[in-house]
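Colleague: how would this look folded up:
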Amino acid sequence: MSENIQPILETRGLTKHFFTGNALSRTVVKAVQDATLQVYPEKVVALVGESGSGKSTIVRMLAQLYKPTSGDIIFEGENIVKHTSRAALLRYRGKVQMIFQDPFASLNPVHKVSYCLQRPLRIHHKAPPGMASALHRQTIELLEQVSLIPAEDYIKKYPHQLSGGQRQRVAIARALAVEPKVILADEPVSMLDVSIRLGVLNLMDRLREMHGIGFLYVTHDLASARYFADEILVMYAGWIVEKAKSEELIQNPKHPYTQLLLSAVPDPSRGLRTAEIEIKGEIPNLANLGAGCPFAPRCSKVMEKCNTVMPPITTFDDGSWTRCYLFPNN
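Modeller: Next up is the predicted model:
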C-alpha cells in the first residue's frame with residue numbers, strides 16, 4: 001500500500017474481554033488481544049481463522065455493537081472510541097455499515113423489502129422529506145445496483161418470499177443506502193448455496209470499485225479470501241498472527257497456523273493423500289489461555305519459549321508480518 005494513502009478505518013491495540021460468573025468466581029474470556037488492522041478505500045482486507053478465533057468480535061467492535069475493553073478505533077483520523085454522543089455514533093454508523101452472516105435473520109420478516117431499504121434512508125436523512133416519489137425512486141435504484149431486476153418485482157415482497165441469495169442482496173442494498181465508506185462483511189456468503197456465492201462476491205467487488213468502498217471481509221474460507229481480498233489477516237485464539245498480501249500468504253505462509261489452514265484446503269493435486277501438516281488438538285479455551293503463544297499446544301515446531309512469552313511481531317521487507325519465534329524479530 002502506498003505510503004501517501006491513509007487508511008479510512010483502523011484499529012490500534014484493540015482488545016475485548018468478556019466477564020462471566022459472579023463476584024466470587026469471575027472468569028475472563030480473552031476474545032480479542034491487541035488487534036491492529038487497517039482498511040483502505042476501495043480495498044478488501046480479509047480476516048480468516050477458525051470459528052471462535054475472535055473474528056466476529058472484532059467486527060462487532062468496529063460496528064459499535066461491542067465496546068472495546070481497551071485500544072482505539074480510528075475512522076478518518078478520529079478516535080471514535082472517545083465519541084460517546086448519540087449524534088456521533090449515528091454519523092459513524094452511517095459511514096461504517098455491516099452485512100451479517102445470516103440473510104434469514106438480518107431482515108425483519110414482518111416488513112416488505114421497501115421498508116427495509118427506506119428505513120435507513122429516513123434515519124440517516126438520505127431521502128428528501130415528504131417526497132414519496134423520490135424515496136420510491138431511491139429504493140428502485142438500490143435494488144438495481146444489487147442486480148435484483150426488475151426492481152418492481154421485489155420491492156413489495158416479504159423476506160420469506162425471497163431466496164437466501166436474494167435476501168443477502170437486499171441486505172447489501174440496505175448497507176449501500178446510507179452511502180458508506182466501509183462495509184463490514186461478516187461471513188456474508190457462508191450460509192448461501194455454493195452455486196450463488198461467487199455471484200455475491202462479484203457483486204461486492206463491483207460495488208467496491210463503483211463506490212470506492214473499503215471492505216473488511218470475515219471468513220473461514222481461504223479460497224474466497226484469496227479470490228476477493230487484497231490482503232489477508234490470519235487470526236487464532238484472539239490474536240492476529242499473520243498479515244500478508246493475499247497471493248503472498250497463499251504461496252508463502254509463514255506462521256505454522258496459516259500453514260495448517262492451507263493444508264486443510266482441498267487440493268486436487270494431492271488426490272486422496274493426507275495433508276502435509278499434522279493437525280492435532282483444538283482451539284484453546286479463551287478463558288484459560290497461557291502466557292505464551294496460544295497455538296503452541298498444536299504446533300509441530302514448538303519451542304520452549306513459545307509456552308511462556310507471546311512472540312513479538314516480525315515485519316518483513318514487503319510489509320507482511322507474523323508473530324512466531326521461527327523468525328528473528330527485527
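
Colleague: Extract the CA atoms of the helix or strand harbouring Leu203 and return them as CSV.
Modeller: Element membership for Leu203, per DSSP states H and E: helix 194-211. Coordinates of the C-alpha atoms in helix 194-211 are reproduced here as CSV (Å, rounded to 0.1, in the frame of the first residue of the first chain):
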residue,chain,number,x,y,z
VAL,A,194,-22.4,-22.8,-3.2
SER,A,195,-23.8,-22.0,-6.7
ILE,A,196,-24.6,-18.4,-5.8
ARG,A,197,-21.6,-17.5,-3.6
LEU,A,198,-19.5,-16.3,-6.5
GLY,A,199,-22.2,-14.0,-7.7
VAL,A,200,-22.5,-12.3,-4.3
LEU,A,201,-18.7,-11.9,-4.1
ASN,A,202,-18.6,-10.5,-7.6
LEU,A,203,-21.4,-8.1,-6.7
MET,A,204,-19.5,-6.8,-3.7
ASP,A,205,-16.3,-6.5,-5.8
ARG,A,206,-18.2,-4.4,-8.4
LEU,A,207,-19.7,-2.1,-5.7
ARG,A,208,-16.3,-1.7,-4.2
GLU,A,209,-15.0,-0.3,-7.4
MET,A,210,-18.1,1.7,-8.2
HIS,A,211,-18.3,3.5,-4.9
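
Colleague: can you pull the buried residues of the helix or strand hosting Cys116?
Modeller: Per DSSP H and E: Cys116 is located in helix 113-123. For helix 113-123, burial by neighbour count (16 or more other C-beta atoms under 10 Å) applies to 113-114, 116-118, 120-121. C-betas here are computed from N, CA, C, even on glycine.

Colleague: export those to CSV and tack on pLDDT and distance to Val200?
Modeller: Output for those, formatted as CSV (pLDDT from 0 to 100; distance: C-beta to C-beta, whole Å):
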residue, pLDDT, distance to Val200
Val113, 96, 17
Ser114, 95, 22
Cys116, 94, 17
Leu117, 95, 17
Gln118, 93, 23
Pro120, 92, 20
Leu121, 92, 23
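
Colleague: quick one: which of the residues you listed is nearest to Asp221?
Modeller: Cys116 (27.0 Å; C-beta to C-beta).

Colleague: residues contacting that closest one?
Modeller: Contact analysis of Cys116 by C-beta atoms under 8 Å, 6 or more residues apart in numbering lists 107-108, 159, 170, 174.

Colleague: continuing past the helix holding Cys116, what's the next helix or strand?
Modeller: Next along from helix 113-123, by DSSP H and E: helix 132-145.

Colleague: Remind me what that following helix packs against, helices and strands.
Modeller: helix 113-123, helix 164-176 (3 or more C-beta pairs under 8 Å, 6 or more residues apart in numbering; DSSP states H and E).

Colleague: As TSV, those helices with distance to Gly212 would be great.
Modeller: Converted to TSV, these look like this (distance: least, C-beta to C-beta, whole Å):
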stretch	distance to Gly212
helix 113-123	19
helix 164-176	12
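
Colleague: ok so, going back, let me know the closest of the contacts of Cys116 to Gln38.
Modeller: After measuring those against Gln38 - C-beta to C-beta - the closest member comes out as Arg174, at 25.7 Å.

Colleague: Perfect, I'm done here.
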